[in-house]
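1. Here you go, sequence then predicted model.
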Amino acid sequence: MIAPMMQRLMIQAEPELVQRAKRRARERGVSVAQVVREALERELGVEDEPLAPPLDCIGMFSSGTGDLSRRASEDEYEPEPFR
């Protein structure tokens with residue numbers, strides 16, 4: 001299998017972050033470059049994958065009732081038996 005063409009990238013990072021990357025690479029038995037590539041993949045993903053839109057509607061509505069789990073356990077709603 002032919003390896004994909006790689007492009008060199010130079011970054012600057014805090015010394016503590018560099019040490020953590022080196023430690024992780026040592027623990028896994030891979031290069032620091034491999035750790036950084038995998039971190040970039042996790043953060044950026046594949047360009048063809050659409051990002052899921054943020055769920056802006058969570059918590060915007062109220063049912064007007066308090067503790068629904070308590071109400072469900074009180075058997076307020078009895079569904080019709082399946083026929």
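-> Received it, and whenever you're ready, just let me know what you need. Numbering: from 1, shown residues only.

2. how about the helices in this structure?
-> Here the chain has its helices, by DSSP state H, at 15-28, 32-44, 68-73.

3. I'd like to know which of those is closest to residue 6.
-> helix 32-44 (8.8 Å; Cβ to Cβ). Yep, even glycine has a C-beta here, placed from its N, CA and C like the rest.

4. For that closest one, the averaged confidence score.
-> The average pLDDT within helix 32-44 is 93.

5. Alpha carbons of stretch 36-46, as CSV, please.
-> Output in CSV follows, covering the C-alpha atoms of stretch 36-46 (Å, rounded to 0.1, in the frame of the first residue of the first chain):
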residue,chain,number,x,y,z
VAL,A,36,-0.9,15.3,16.5
ARG,A,37,-2.4,13.9,13.3
GLU,A,38,-4.9,11.8,15.2
ALA,A,39,-5.9,14.8,17.4
LEU,A,40,-6.4,16.9,14.2
GLU,A,41,-8.5,14.1,12.7
ARG,A,42,-10.7,14.0,15.9
GLU,A,43,-11.1,17.8,16.0
LEU,A,44,-11.6,18.4,12.3
GLY,A,45,-13.0,15.1,11.0
VAL,A,46,-13.5,14.4,7.4
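
6. List the buried residues in it.
-> Using 16 or more other Cβ atoms under 10 Å as the test for burial, stretch 36-46 gives residue 36.

7. Can you say which of the helices of the chain is nearest to residue 55?
-> helix 68-73 (19.5 Å).

8. mind checking which of the helices of the chain is nearest residue 4?
-> Among these, helix 32-44 comes nearest to residue 4, with 10.9 Å by Cβ to Cβ.

9. and that closest one, what other elements does it pack with?
-> Helices and strands touching helix 32-44, by 3 or more Cβ pairs under 8 Å, 6 or more residues apart in numbering; DSSP states H and E, are helix 15-28.

10. relative to helix 32-44, how tilted is the helix it packs on?
-> Helix 15-28 runs at 110 degrees relative to helix 32-44, counting by axes from the mean of the first three to the mean of the last three Cα atoms, to 10 degrees.
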